[in-house]
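sequence first, predicted coordinates after that:
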Amino acid sequence: MSPIRDGVEGIIAIPCGMVHSYLEWLPGRQGFVARHAQLPDDVKRSPAADGGRRETLVRLNGNVIQDTREFFLLIEGQPYMFPCYGTRHTFARRWQTHFQQFKHPKTGAVLPSFARKYRLTTVQASNALGRWFNVKFDDLGWVSDAEYRLAKELNTIVERGAMRVEMPTGEGGASQQNAA
């Protein structure tokens with residue numbers, strides 16, 4: 001099976017916003033349940049099942065909660081959501097720190113993340129528990145005026161919280177829209 005995109009060539013992305021959310025999953029990878037803006041009140045922290053340092057967040061009903069940073073990106077003029085959880089939190093924090101270094105020359109205010117574009121590629125990572133692929137960014141510089149305008153539109157949508165997700169109802173193929 002070949003990848004959708006070459007991991008070395010990567011993709012060119014403009015980060016337009018980030019939302020911190022908590023995704024709820026049925027235990028044993030049985031499926032998605034809900035997306036929460038806040039950590040649910042009934043969450044208990046359990047030691048990692050694999051003996052690692054990372055705790056598992058579990059609701060009283062047994063569902064697993066996944067702490068996620070969702071980046072909203074423009075890739076080839078189209079909007080995408082890129083979830084960062086687990087080891088990708090390190091990547092997400094590093095990328096957000098990078099955004100903060102670009103300041104307006106006159107006001108000194110931090111420029112929006114969508115003022116620059118990046119190449120995202122995959123790199124191999126490992127620790128005592130195993131090996132996996134993580135994400136790496138390379139700064140490609142300032143966006144064009146047209147890219148900036150399009151990215152600002154997506155940022156406005158993200159900031160308003162107006163993202164929508166189509167969720168199948170399971171009845172006759174119909175779907176319902178749930179605010180994300």
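Alright, I've got the coordinates. Numbering: from 1, shown residues only.

and residue 105, how many residues sit next to it?
For residue 105, the count of nearby residues is 6 (other C-beta atoms under 10 Å). All C-beta atoms are positioned from the backbone trio N, CA, C, and that covers glycine.

hmm, I typed the wrong one, I wanted residue 68.
Neighbour count for residue 68, taken as other C-beta under 10 Å: 19.

now the longest strand along the chain: buried residues?
If you go by DSSP state E, the chain has its longest strand at strand 11-26. For strand 11-26, the neighbour count (16 or more other C-beta atoms under 10 Å) marks 11-19, 21-24 as buried.

for stretch 131-145, same thing?
For stretch 131-145, by 16+ other C-beta under 10 Å, it's 135, 136, 137, 143.

ditto for stretch 148-161
So for stretch 148-161, counting by 16+ other C-beta under 10 Å, buried means 148, 150, 151, 154, 155, 157, 158.

find the pair from the buried residues of strand 11-26 with maximum spatial separation.
Farthest-apart pair in the buried residues of strand 11-26 is 12 and 24; separation 32.5 Å (C-beta to C-beta).

thought residue 46 was touching residue 58?
Yes - under the criterion of C-beta atoms under 8 Å, residue 46 makes contact with residue 58 at 5.3 Å.

more neighbours: which of those two?
residue 58 (16 against 11).

can you give me the strands for this structure?
Taking DSSP E, the strands of the chain run over residues 11-26, 31-36, 43-46, 56-59, 64-75, 78-84, 116-127, 130-142, 164-168, 175-179.

select the longest helix from the protein.
Longest helix of the chain, by residue count under DSSP state H: helix 145-160.

quick one: that helix to strand 116-127, angle?
In terms of direction (axes from the mean of the first three to the mean of the last three C-alpha atoms, to 10 degrees), helix 145-160 departs from strand 116-127 by 60 degrees.

what does helix 145-160 contact?
By C-beta atoms under 8 Å, 6 or more residues apart in numbering, the surrounding residues in contact with helix 145-160 are 14, 16-19, 72, 74, 77, 79, 112, 114-115, 117, 143, 163.
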